[in-house]
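Q: Predicted model and sequence follow; I will ask about them next.
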Amino acid sequence: MSDDGGIFGPELYEFLEGLEANNNKEWFNENRERYEEEVREPAFDLIRAVRPLLEEISPHMTARDSKVGGSLMRVFRDTRFSSDKTPYKTNVGIQFRHVRGSDVHAPGYYVHLDTERCFFGAGSWMPDRDALAAYRVAIDENPDVWIAARDTCQSGGWRMEGERLKRAPRDWSIDHPMIEDLKRKSFIAVHDFDHDIALKPEFPSVIAAWCTESCPLMKFLCAAVGLKF
């Protein structure tokens with residue numbers, strides 16, 4: 001707990017700094033108790049604090065404090081297909097997914113904490129082919145609704161983020177009035193925040209406020225793939 005009474009204390013970032021400098025199994029095993037006390041358990045406390053606030057925003061978004069399949073993302077990296085073989089993630093990632101979403105690519109909310117950058121995300125990151133096609137059709141058929149949802153997340157500290165195709169996607173004309181949005185490979189709104197925000201007692205309420213602000217985007221994306229919000 002922080003000196004301000006927050007769920008996380010400054011030890012969170014101290015641990016992550018240590019892990020960045022010593023990303024190996026020996027150091028992690030020696031500091032596993034610190035990870036559990038300073039990172040994992042406070043993260044579970046945050047998830048539990050956010051849950052009732054999130055339920056008021058959408059009954060279809062989940063905040064799960066379980067060790068397996070929960071909102072807290074695993075500290076272990078999947079190195080099977082990466083040239084970077086360091087075993088641990090040096091950030092805290094918490095995802096509040098749609099109840100029908102089985103992975104991080106489904107529409108949802110995301111909290112990211114590391115020593116260099118903290119941010120909140122809302123939307124759909126690198127959706128699969130079918131979902132991506134559905135988003136494009138929804139933008140084509142409901143451009144005004146999309147523009148309103150998108151523009152809600154392009155002011156007040158928000159921005160749309162993610163890669164775009166260099167050319168028009170297959171079966172779409174380069175002259176389409178929404179072509180720059182149709183080129184998107186992700187539909188993510190991001191809100192950066194200072195490290196100290198995560199140490200404040202009001203952090204769960206701040207997260208809930210960001211969830212509310214990004215509701216138009218989430219509603220659009222969920223509807224596009226046939227999900228209730």
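A: It's in. Numbers count the residues shown, from 1 in each chain.
Q: Just give the nearest non-adjacent residue to the residue most central in space within the chain, would you?
A: Geometric centre of the chain, nearest residue: residue 110, 2.0 Å, by CA atoms, centre = their mean. Spatial nearest neighbour of residue 110, chain neighbours left out: residue 121 (4.1 Å); criterion: CB to CB, 6 or more residues apart in numbering. Heads up, the C-betas are built off the backbone N, CA and C, glycines and all.
Q: And what about that neighbour, helix, strand or coil?
A: Put simply, residue 121 is strand when judged by DSSP: H, G, I helix; E, B strand; the rest coil.
Q: Count the neighbours of it for me.
A: 21 (other CB atoms under 10 Å).
Q: My read is that it contacts residue 107, right?
A: No - the pair residue 121 and residue 107 does not pass the contact test of CB atoms under 8 Å, sitting 11.0 Å apart.
Q: if we can go back for a sec, let me know the secondary structure of the residue nearest to the centre of the chain.
A: strand.
Q: confidence score at it?
A: pLDDT recorded at residue 110 is 97.
Q: how about the helices of the protein, start to end?
A: 11-21, 25-30, 32-35, 41-57, 129-141, 143-152, 179-182, 203-213, 215-224 (DSSP state H).
Q: Give the buried residues for the fourth one.
A: Within helix 41-57, the residues that qualify as buried are 42-44, 46-47, 49-51, 53-54, 57, counting by 16 or more other CB atoms under 10 Å.
Q: can you check the fifth one too?
A: Taking 16+ other CB under 10 Å as the neighbour-count basis, helix 129-141 is seen to contain the buried residues 131-136, 138-139.
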